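Novice: What follows is a predicted structure for the sequence shown.
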Amino acid sequence: MKKTLFTLAAVLLLCAGCDRVRQYLGKAKDKDQTKDIAVQPKDEQQAGLQFIHLAYNSPDSMVSISADVPTTVGTPLADSIMKYVGENFEAFTTIYNESHDARQAFRYTGEGIHTQMLSEIAEQKADIEPQDLEGMEWMFNWSYENELTQEYDCQRYVTYVNVGDNYTGGAHGFHWVNGTTFDKETGKRIGKEILKNTDSQAFRTLFQRELLKYFTETDSDEGANNTLSDYLLIDINDLQISNMRITDRNFVFQYQPYEISYYAAGLPVVILTFEQMKPYLTTEGLRLIGMEQEQVSTH
């Protein structure tokens, strides 16, 4: 049985969560506290649901994964969140559907990822002459980190954020941050359907201005005179709204490395306050952020 579960878990590799990205989000991590395998329960009540925080850390610190997972299913919100967790940890869903034990499924998922990475490292080393391996060991300091946690929770919605990093050799790894907001009443994911008039010149001006702020504030060179186009890999007219999530008072539009700019630009993000977004929200959008009674005119 365990061998079967290990095989299922080892099939899938997903990318996510490193120190560099955590620092970007303002999250500190002490690696000395995450060297041992652990599945840590952290019960939380949310809209009548019970949640646990599951975590796995390989003994060699190569693999570190964690997720906030509902302990029961059967409600729209719980089922929607569980589906989302499964999209980020496909092996977990496969094993959980067989064992119905979330802690065991998460442990086997982490162990499977770890086993797969060690196997791939061994295969790559086998293709290299022993004398050529000298000085190349740094290329095999692989790492895989994936965090899927609740970023914000209020009466109307709950927001998850996925933080990640995966290094499998080369000049640098791949890292990302993205998030999803769920409507607590319906369990549905909240997306661009709550936005309106985002193709207007007023919104595009606002959005591009805030995106330019990100680049100029993170530019190590003197970029005060640069335009937004100077930082983009795409035509500015092709710039589209990317991954969106809602926090306590902001709408966060997140881009990934190479999505619109160079790797050195990091993770471009546009953060617009509720006040800035009010003219561009539908009635449903206003309800979600608690502004449904306010009369807002679109500019």
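Specialist: Everything's here; your move.

Novice: my read: Asn243 touches Asn178, true?
Specialist: Yes. Checked against C-beta atoms under 8 Å, the pair Asn243 and Asn178 is within contact range at 4.5 Å. Yep, even glycine has a C-beta here, placed from its N, CA and C like the rest.

Novice: Any chance you could list residues touching both of the two?
Specialist: Taking C-beta atoms under 8 Å, 6 or more residues apart in numbering as the criterion, Asn243 and Asn178 both touch 254, 256.

Novice: roughly how far apart are Asn226 and Val252?
Specialist: 23 Å (C-beta to C-beta, to the nearest Å).

Novice: ok, these two, which is more surrounded?
Specialist: Higher neighbour count among Asn226 and Val252: Val252, with 21 against 14, using other C-beta atoms under 10 Å.

Novice: Would you mind measuring from the more buried one to Val177?
Specialist: Distance of Val252 to Val177, computed by C-beta to C-beta: 9 Å.

Novice: what do you get for Asp68?
Specialist: From Asp68 over to Val177 the distance is 16 Å, taken as C-beta to C-beta.

Novice: out of the two, which sits in the busier spot?
Specialist: Taking neighbours as other C-beta under 10 Å, Asp68 and Val177 compare with Val177 leading, 25 against 20.

Novice: Which residues does that one form beta bridges with?
Specialist: Taking DSSP bridges as the rule, Val177 bridges to Val163.

Novice: Could you pull out the helices in the stretch 151-299 of the chain for me?
Specialist: 201-218, 274-277, 283-288 (DSSP state H, counting those that start in this stretch).

Novice: right, so of these, which gets closest to Asp238?
Specialist: Ranking the helices of the stretch 151-299 of the chain by their distance to Asp238 (criterion: C-beta to C-beta) puts helix 201-218 first, at 11.9 Å.

Novice: Just the CA trace of the closest one, in CSV.
Specialist: Extracted C-alpha coordinates of helix 201-218, given in CSV (Å, rounded to 0.1, in the frame of the first residue of the first chain):
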residue,chain,number,x,y,z
GLN,A,201,-8.2,54.9,-20.4
ALA,A,202,-8.6,56.0,-16.8
PHE,A,203,-8.0,52.5,-15.5
ARG,A,204,-5.1,51.8,-17.8
THR,A,205,-3.4,55.0,-16.8
LEU,A,206,-3.9,54.1,-13.1
PHE,A,207,-2.7,50.6,-13.5
GLN,A,208,0.3,51.5,-15.6
ARG,A,209,1.3,54.3,-13.2
GLU,A,210,1.3,51.9,-10.3
LEU,A,211,3.2,49.2,-12.2
LEU,A,212,5.9,51.8,-13.1
LYS,A,213,6.2,52.5,-9.4
TYR,A,214,7.1,48.9,-8.8
PHE,A,215,9.9,49.0,-11.4
THR,A,216,11.4,52.3,-10.4
GLU,A,217,11.3,51.4,-6.7
THR,A,218,13.1,48.1,-7.3
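
Novice: Alright, that wraps it up for me.
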